[in-house]
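In: sequence unknown, structure follows:
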């Protein structure tokens, strides 16, 4: 199944948009990012996403074990499957844990600069 979006209505937001991602962005966050990247006003900033796109269904076995099976084959607009690869941002900013602990978020600062 393929999904399509297009502008509609009397109002479309046409100003720049920045979406922050990192390695903990996965699943629906990655699917959202793929959709947003189809808009020319969107820039992805931060680190590569986690590379775990597909939703999964969980099933229980009679012995108490459970397992998960992916239920989708999510691909980018060019048909590439980025599972276990992730989406590389246009502007790569890898925050260091010590910077974040000190209250310094370079990815956020970069995003704000791009919006000025």
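Out: Done, it's in. The structure presented is a predicted model; accordingly, all values stated were derived computationally and were not measured.
In: If you count neighbours, what's buried in stretch 14-24?
Out: The neighbour-count check on stretch 14-24 (16 or more other CB atoms under 10 Å) flags 18-22 as buried. For glycine as for every other residue, the C-beta is placed from the backbone atoms N, C-alpha and C.
In: wait, I meant stretch 41-55
Out: Across stretch 41-55, burial judged by 16+ other CB under 10 Å covers 43-50, 52-54.
In: hang on, residue 19 in a strand?
Out: Yes - according to DSSP: H, G, I helix; E, B strand; the rest coil, the state of residue 19 is that of a strand.
In: before we move on, back to that, make CSV out of the buried residues of stretch 41-55 and add secondary structure.
Out: Output for the buried residues of stretch 41-55, formatted as CSV (three-state DSSP):
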residue, secondary structure
43, strand
44, strand
45, strand
46, strand
47, coil
48, coil
49, coil
50, coil
52, coil
53, coil
54, coil
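In: so who does the nearest residue to residue 44 once chain neighbours are set aside touch?
Out: Counting by CB to CB, 6 or more residues apart in numbering, the nearest residue to residue 44 once its immediate chain neighbours are dropped is residue 89, at 4.0 Å. Counting by CB atoms under 8 Å, 6 or more residues apart in numbering, residue 89 touches 21, 44-48.
In: pLDDT score assigned to residue 89?
Out: pLDDT recorded at residue 89 is 98.
In: quick one: it and residue 95, what's the gap?
Out: 12 Å (CB to CB, to the nearest Å).
In: shared neighbours of these two, anything?
Out: 46-47.
In: Just give me the residue closest to the centre of this protein.
Out: Nearest residue to the geometric centre of the chain (CA atoms, centre = their mean): residue 30, 3.0 Å.
In: Kindly indicate whether the residue nearest to residue 44 is helix, strand or coil.
Out: Recorded secondary structure, residue 89: coil (three-state DSSP).
In: for the one 10 residues further on, same thing?
Out: At residue 99, secondary structure determined by three-state DSSP is helix.
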